[in-house]
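**Q** sequence first, predicted coordinates after that:
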Amino acid sequence: MARVYNFSAGPAVLPEEVLSRAGSEILDYQGSGMSVMEMSHRSKVFQGIIDKAEADIRTLMGIPENYKVLFLQGGDSLLFATTFINLAPHRKADFVITGNWAKKAYQEAQILGDPNVVASSADKNFTYIPDCSDLPIREDTDYLYICQNNTIYGTQYHTLPNTKGHTLVSDQSSMFLSEPVDVTKFGCIHAGVQKNVGPAGVQIVIVREDLIPDDLPGVPTMLRFKTQADKGSLYNTPNCWGIYMCGLVFQWLLENGGLAAMHEKNAEKAKILYDYLDASELFHPTVADTQSRSLMNVPFVTGDKDLDAEFVAQAAEAGLVNLKGHRTVGGMRASIYNAMPKAGVEALVNFMDGFERSHKKA
């Protein structure tokens, strides 16, 4: 069967070159006589894999030496809690709520301490990024938390908030490694890799060393960042295959010009789709504010649920799959991550144009 254009929000499309290489090494990783899925995480071979993965992501992002890179498990849904546990010694954090994931992080913090919402775009169903130039951040808050790209609603921060000197913590899951990032502007970045970097099951945390507490009385060992930071993410058995796959993606990014080149390609792909949507009489982007639009996730609707369903079904038959939108937005959503080629976006727009012409009222 021919490969389809996969617009899934996550788990999502991976570079074909990466998949091909993983396939060629699946039975015998570089002469070891075994698969990465079979080898001990304590072996010299796997140590080499994780060491190279960390070195490559540090190169890609320009991560300073005073930041730790952690390869974790448990999903962002666990990180919402562990981030607060580790980085909020006073049990206070302020949140900008721009969608489901920031809201979930806030709700976890409610269980554990005293979070505060300083801005929200809920009034317009999260279709814009609020003005974050003068937020009412508490003087004694431990950090400001944002979800930098909102997968469900298709919005993205293109300007970071004014933190007024406080630590910035960002969930970058669906935009991770899609563009250059000044890591020094953040105290902590976390990302589930299944959206734009690798297979599900790995979370990457980039955290400034001075923010990692030496001791957390009463906190279970595996919920402490220091546990994995001190052991190079190898305190217990990690997701070996997932880390290996992420490492291959890091190499692919480096071989294709790094994050600056990737951002240029992503901006070009997004422009093709948004330009069509803005000119279309049938399809409409749900994010009208052009300054809030995501380059990774593009939701759109026709305004007719039956017509949306017809479009999704016909698109799938044409090899354009996983275009159904999230239930809270409806319609369609095209996730056009790093590994989605320009040809895939062009194929989508061509199909949309044909669908629109066939449904024009006489």
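**A** That came through, no problem.

**Q** secondary structure element holding the residue lying closest to residue 56 once chain neighbours are set aside?
**A** Nearest residue to residue 56, sequence neighbours excluded (Cβ to Cβ, 6 or more residues apart in numbering): residue 250, at 3.8 Å. In short, each C-beta sits where N, CA and C put it, glycine included. For residue 250, the enclosing helix or strand under DSSP states H and E is helix 240-255.

**Q** with residue 267 instead?
**A** Residue 267 belongs to helix 258-279 when assigned by DSSP H and E.

**Q** what's the helix or strand that that helix is followed by in contact with?
**A** As assigned by DSSP H and E, the chain's next helix or strand after helix 258-279 is strand 284-285. By Cβ atoms under 8 Å, 6 or more residues apart in numbering, the surrounding residues in contact with strand 284-285 are 154, 274, 277, 278, 293, 298, 299, 300, 301, 302, 303.

**Q** please compute how far strand 284-285 lies from its chain's middle.
**A** 22 Å (Cα atoms, centre = their mean, to the nearest Å).

**Q** parallel or antiparallel, which strands does it pair with?
**A** Here strand 284-285 is paired, per DSSP bridges, with strand 297-301 (antiparallel).

**Q** beyond the strand it pairs with, next helix or strand please.
**A** Once the chain leaves strand 297-301, the next helix or strand it forms, by DSSP H and E, is helix 305-317.

**Q** quick one: that next one to strand 297-301, angle?
**A** Relative orientation of helix 305-317 versus strand 297-301 (axes from the mean of the first three to the mean of the last three Cα atoms, to 10 degrees): 130 degrees.

**Q** for stretch 79-86, C-alpha coordinates in CSV please.
**A** Provided in CSV are the C-alpha atoms of stretch 79-86 (Å, rounded to 0.1, in the frame of the first residue of the first chain):
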residue,chain,number,x,y,z
LEU,A,79,4.6,16.5,33.7
PHE,A,80,1.8,19.0,34.5
ALA,A,81,2.1,17.8,38.1
THR,A,82,5.8,17.0,38.3
THR,A,83,6.7,20.4,36.9
PHE,A,84,4.8,22.1,39.6
ILE,A,85,6.2,19.8,42.3
ASN,A,86,9.7,20.5,41.2
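
**Q** averaged pLDDT, it. What do you get?
**A** For stretch 79-86, mean pLDDT is 96.

**Q** fine by me, we can end here.
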